[in-house]
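Asker: Quick one, what's the 3D model for this:
(one chain, ligands or ions: 1)
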Amino acid sequence: MRKAFPKRGADWPALETEMNQMSGDDIDWRRGRAPLYVFHGSDSAHEVGRQAFMKYFSENALGGRRAFFGLKRMEDEVVEMGLDLFQAPDGAVGNLSTGGSESIFMAVKACRDWARAQPRLHEPFNIVAPFSAHAAFNKAADVMDLDVRRLDTGTGRRADVAAMAAAIDDGTIMLAGSAPCFPHGVIDPITELGALALERDIWLHVDACVGGYVAPFFQRLGRDIPGFDFAVPGVRTISADLHKFGFCPKPASTLFYRFAGDRERGLFHFDQWPNGQFSTATLSGTRAGGAVAAAWAVMHHLGVDGYTAIAGELAAMTDGYVAGIKAIDGLHMLAEPDLTIINFAARKPAELDIFAVAEAMGQRGWLPGLTQNPKGMHAMLSMFHAPGREEYLADLASCVEQARGANSTSGLRAVY
Ligand SMILES: Cc1ncc(COP(=O)(O)O)c(C=O)c1O
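Answerer: Numbers count the residues shown, from 1 in each chain. Sure, this is the predicted structure:
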């Protein structure tokens, strides 16, 4: 039955009780049972983010220029800190957005508008990407009537640069690479993609949505992390989400442009309506002021030292998960993770259905992350996943035995 609009109002205590009841069956994400959607760096970063968000709860970042000058300054500083982190050259610019999908959308829009001004490029336009690129590229392409050519990945499930080069034609406007890709957690060969982009004069977008705010700190730890930022020639735009491994509250992402002129193409200006000039760098008009303030506060709270310390904990934890999974008879990693995303599968799929293992894990309260091609299990690990590691690995080992013993198969489908 359809819910009726309430006749009388209710006070907060009653509403909170009802909300708690509604969420009573939720996945226990605070105890690391969710393999995606939520992120945790440290308790203090969480608290600083929450306080800052609530302080600017009512402000609207759309009004930063005309009304909320403090917020505008915070937004500018968040962008500048990101440009610094990603080794951007002088003249590079950026802006905040409400998420990775929006950042990718705006990068594709800027690229599409650049492409329209290039006589050598002919519509219909296309984007050449590895199969592992995020679905957001297709979402953007769908809206803008572009094609996305997804090509099988190569060694280590990283982008196959030769295959991508072969797929380029006179409609190709963008090459996409990830740092890392969501499905397998590996960083594409951005240096090679950059060289290809320069050679063919094509826009290279690096999707560092999930890894952008953690990879530089893994590098500082001395881990072998391939270059992916503006230090790599040919990288033209980078998307990086603060609301993932930047440990900032949602919704907050950043998009950076090597050339200020490119950002101009991403902007939307309009004044043929009663209220005059309307200009935005995002799809959204109204944007949560709290998210801007919280990003500024969390970045200042953690600083390079804080992010590096968390990266150290994340790296040790991920190593522990990987070692534990490799020790389970019948499982193997589908890729060696560069950062904190793990993707593993049955060594012999004919003898063990990994989705049956996932289903059994689900029955024990672990929301299973899945990849469908190749068939595997998946998790994006943040500090929520540290305390439950032993329990997860013990349950995983026992679910493998259970699935193998029962010779069970599963009808599960991978859902993001
Ligand atoms: C590599 C990558 N790109 C883009 C996105 C999309 O980000 P959002 O969900 O914030 O739109 C994600 C989300 O996980 C991602 O992992």
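
Asker: tell me which parts of this protein are close to the ligand?
Answerer: Neighbours of the ligand within the chain, by CB under 6 Å from any ligand atom: 99-101, 134, 136, 178, 182, 207, 209-210, 241, 253. All C-beta spots, glycine's among them, are computed from the backbone N, C-alpha and C.

Asker: from those residues, which two are the most distant?
Answerer: Largest separation among these by CB to CB: 99 and 178, giving 15.8 Å.

Asker: quick one: which of these two has more around it?
Answerer: residue 178 (30 against 22; other CB atoms under 10 Å).

Asker: what pairs with the more buried one across the strands?
Answerer: In this entry, residue 178 is beta-bridged to residue 207, by DSSP bridges.

Asker: Report pLDDT for it.
Answerer: You'll see residue 178 listed with a pLDDT of 98.

Asker: circling back: just the buried residues out of the residues of the chain next to the ligand, in ChimeraX syntax.
Answerer: A single ChimeraX command selects the buried members of the residues of the chain next to the ligand (16 or more other CB atoms under 10 Å):
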select :99,100,101,134,136,178,182,207,209,210,241,253
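
Asker: Looking at the residues of the chain next to the ligand, which are in strands?
Answerer: 178, 207, 241, 253 (DSSP state E).

Asker: contacting residues for the residue in the chain that the ligand sits nearest to?
Answerer: Residue of the chain nearest the ligand, by CB to the nearest ligand atom: residue 100 (2.4 Å). Counting by CB atoms under 8 Å, 6 or more residues apart in numbering, residue 100 touches 134, 136, 207, 209-210, 239, 241, 244, 253.

Asker: Max pairwise distance over the residues you listed: which two?
Answerer: Once CB to CB is applied, those give 136 and 244 as the farthest pair, at 13.2 Å.

Asker: By neighbour count, which bits of the helix ranked longest in the chain are buried? Give me those.
Answerer: The single longest helix within the chain, with elements called by DSSP state H, is helix 289-326. Buried positions in helix 289-326, judged by neighbour count with 16+ other CB under 10 Å: 289-299, 301-302, 306-311, 314-315, 317-318, 320-322, 324-325.

Asker: can you check stretch 279-290 too?
Answerer: 280-282, 287-290.

Asker: cool, and stretch 116-125?
Answerer: Buried, per 16+ other CB under 10 Å, within stretch 116-125: 121, 125.

Asker: Over to it now: how far is its first residue from its last?
Answerer: Using CA to CA, to the nearest Å, one end of stretch 116-125 lies 9 Å from the other.

Asker: which outside residues touch stretch 22-39?
Answerer: 243-245, 247, 365-369, 378-380, 382, 384-388, 392, 416.

Asker: just stretch 152-169 next, same as before
Answerer: By CB under 8 Å, 6+ apart, stretch 152-169 touches 126, 128-132, 149, 151, 175, 177-178, 181, 183-184, 186-189, 192-193, 196, 200, 202, 334-336.

Asker: Keeping just the C-alphas, turn it into PDB.
Answerer: C-alpha atoms of stretch 152-169 as PDB (Å, rounded to 0.1, in the frame of the first residue of the first chain):
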ATOM      1  CA  ASP A 152      40.100  -6.900 -23.000                       C
ATOM      2  CA  THR A 153      42.700  -6.100 -20.400                       C
ATOM      3  CA  GLY A 154      46.200  -7.400 -20.800                       C
ATOM      4  CA  THR A 155      49.000  -8.500 -18.400                       C
ATOM      5  CA  GLY A 156      47.900  -8.400 -14.700                       C
ATOM      6  CA  ARG A 157      44.400  -7.300 -15.800                       C
ATOM      7  CA  ARG A 158      45.800  -3.900 -16.600                       C
ATOM      8  CA  ALA A 159      44.800  -1.900 -19.700                       C
ATOM      9  CA  ASP A 160      46.200  -3.500 -22.900                       C
ATOM     10  CA  VAL A 161      47.800  -0.400 -24.500                       C
ATOM     11  CA  ALA A 162      48.600  -2.000 -27.800                       C
ATOM     12  CA  ALA A 163      44.900  -3.100 -28.200                       C
ATOM     13  CA  MET A 164      43.800   0.300 -27.200                       C
ATOM     14  CA  ALA A 165      46.100   1.900 -29.800                       C
ATOM     15  CA  ALA A 166      44.700  -0.400 -32.500                       C
ATOM     16  CA  ALA A 167      41.100   0.600 -31.600                       C
ATOM     17  CA  ILE A 168      41.700   4.300 -32.200                       C
ATOM     18  CA  ASP A 169      40.100   5.800 -35.200                       C
END
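
Asker: Mind listing what's buried along it?
Answerer: 153-154, 157-161, 164-165, 167-168.

Asker: Against residue 295, how distant is residue 61?
Answerer: Using CB to CB, to the nearest Å, residue 61 is found at 10 Å from residue 295.

Asker: so what sits against both of the two?
Answerer: Contacts common to residue 61 and residue 295, judged by CB under 8 Å, 6+ apart, are residue 96.

Asker: In the chain, where is pLDDT below threshold?
Answerer: Along the chain, no part satisfies pLDDT under 70.

Asker: any chance you could map the helices in it?
Answerer: Taking DSSP H as the criterion, the chain carries its helices at 12-22, 43-55, 69-85, 100-116, 136-143, 161-167, 190-200, 215-220, 260-266, 289-326, 354-363, 389-405.

Asker: Quick one: closest of those helices to residue 341.
Answerer: Closest among those, once you apply CB to CB, is helix 289-326, at 8.5 Å.

Asker: and the closest one, what other elements does it pack with?
Answerer: In terms of contacts (3 or more CB pairs under 8 Å, 6 or more residues apart in numbering; DSSP states H and E), helix 289-326 is packed against helix 43-55, helix 69-85, strand 93-97, helix 215-220, strand 331-333, strand 341-346, helix 389-405.

Asker: Using a markdown table, lay out these together with mean neighbour count.
Answerer: A markdown table is the format used below for these (neighbours: other CB atoms under 10 Å):
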| stretch | mean neighbour count |
| --- | --- |
| helix 43-55 | 17 |
| helix 69-85 | 18 |
| strand 93-97 | 24 |
| helix 215-220 | 21 |
| strand 331-333 | 17 |
| strand 341-346 | 24 |
| helix 389-405 | 17 |
